[in-house]
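Chemist: Take a look and give me a structure for this.
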Amino acid sequence: MRLIMMVACGAILAGCRQTDGTVNEAVPANVIEVPDEAATPTDPGEPSNATVSVVNDAASASGSACLKQDGEELRVAPVKAIGTEPFWGAKVEGRCVTYSTPEDQKGTRIWTKYTPGLGGGIWTGTFQNKPFKLVTRAKPDCSDGMSDRTYPLEAMVTVAGEERRGCAAPE
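Modeler: Modelled structure (predicted):
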């Protein structure tokens, strides 16, 4: 019963989720990794060993685990990136990136390592057991190719060796 309650609390608190069981760096000390017996793999060929991060203090419950890296507070503005052909999206909160596609519209949250970049940043991690990298950089006239809107940043995401381009803006 306690395990079920911990899993339910983790889902409610929306802690960062690492679906492949690997971690790019240590999970913050205030996060407990608990096997999620109710989780369904994001890839049919992927084993069902997903975990849900359960936070154990009020500060982390607000999402601050995503805003800490190497024991320090990250000062990164939330960013939303989009791309077309193929369609994809990424919502960034600190070092947590929620990557979405038309097949996964809710998105999958990925623990990443954040590195500041020129007018943007670099987030590296693992998605479905493959390398994941999101890069943003200043480009004031970035166009999504689908509308008249321009964005202040360009975005490039690499998923399993495939590079996808798009645009981004602070939220």
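Chemist: So what pairs up with S100 in the strands?
Modeler: G89 (DSSP bridges).
Chemist: lowest-confidence helix or strand of this structure?
Modeler: Within the chain, no helix or strand scores below strand 51-55, which has a mean of 33 by mean pLDDT, DSSP states H and E.
Chemist: Do you have the helices of this protein handy? List them.
Modeler: Secondary structure of the chain (DSSP state H): helices at 2-13, 58-61.
Chemist: List the contacts of stretch 68-85.
Modeler: Outside stretch 68-85, the residues that touch it by CB atoms under 8 Å, 6 or more residues apart in numbering are 25, 28, 64, 67, 88-95, 113-114, 121, 134, 136, 144-146, 153, 155, 157, 164-171. Heads up, the C-betas are built off the backbone N, CA and C, glycines and all.
Chemist: and if we set it to 6 Å?
Modeler: Here stretch 68-85 makes contact (CB atoms under 6 Å, 6 or more residues apart in numbering) with 28, 67, 89-95, 114, 145-146, 155, 164-166, 168, 170-171.
Chemist: what's the answer for stretch 150-159, then?
Modeler: By CB under 6 Å, 6+ apart, stretch 150-159 touches 81, 120, 127, 132-136, 139-143, 164-169.
Chemist: ok, and for it, which residues are buried?
Modeler: Judged by neighbour count using 16 or more other CB atoms under 10 Å, the buried positions of stretch 150-159 are Y151, P152, L153, E154, A155, M156, V157, T158, V159.
Chemist: Among the residues you listed, which pair sits farthest apart?
Modeler: For the buried residues of stretch 150-159, the maximum inter-member distance is 23.4 Å, found between P152 and V159 (CB to CB).
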